[in-house]
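Q: Let me see the structure of the following:
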Amino acid sequence: MFIQEPDNLRTCNNAQLITPVIDLNGIDGDPILRKEIVENLEMVREASETWGFFSVVNHGIPESVLEEIMDGTRRFHALDTEVKKTFYSRDLSRKVMYNGNFNLYKSKAASWRYTCYCVMSLHPLNPQELPTTCRNG
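A: Next up is the predicted model:
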């Protein structure tokens with residue numbers, strides 16, 4: 001379960017790997033650019049499918065907000081196990097979940113890590129559903 005067969009491992013001979021970057025510079029001031037980025041998300045799709053992640057720059061989120069998100073995450077993971085258990089779930093209908101190895105029943109090898117995440121799309125998240133350590137004062 002925790003051992004990945006060598007044939008399943010990907011190799012990479014390119015030491016110059018660069019994380020894909022989605023640049024939102026000017027999106028607020030240029031309606032044409034905004035439409036292009038919002039409606040034609042080819043670069044996001046390609047980065048997601050090829051890499052599984054990407055970096056977004058010039059998004060306008062203040063550094064202080066990003067730091068508070070990281071601090072809230074650290075505070076959550078430092079909580080007592082009994083408190084974190086209240087958020088533990090594999091129920092995908094929940095908006096806030098905490099679990100480990102999210103693909104436990106699908107992957108041939110375990111990729112164990114504990115993650116707390118929330119679903120923000122379609123319907124806004126009620127802030128009261130978040131762990132108290134992740135709420136804004």
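
Q: alpha carbons only for contacts and neighbour counts from here, please
A: Fine.

Q: how close does V57 get to I32?
A: V57 sits 19 Å away from I32, taking C-alpha to C-alpha, to the nearest Å as the criterion.

Q: My error: substitute E42 in the last question.
A: 16 Å.

Q: And what about the residue sitting nearest the centre point of the chain, helix, strand or coil?
A: The centroid of the chain falls nearest to Y117 when counting by C-alpha atoms, centre = their mean (7.4 Å). The local conformation at Y117, judged by DSSP: H, G, I helix; E, B strand; the rest coil, is strand.

Q: which residues touch it?
A: By C-alpha atoms under 8 Å, 6 or more residues apart in numbering, Y117 lies in contact with V96, M97, Y98.

Q: Count the neighbours of the second one for me.
A: By other C-alpha atoms under 10 Å, 23 other residues sit near M97.

Q: contacting residues for it?
A: Contacts here follow C-alpha under 8 Å, 6+ apart; on that basis M97 touches F87, Y88, S89, R90, D91, T115, C116, Y117, C118.

Q: which residues in the protein form helices?
A: Along the chain, counting by DSSP state H, helices occupy 31-39, 42-50, 63-77, 81-85.
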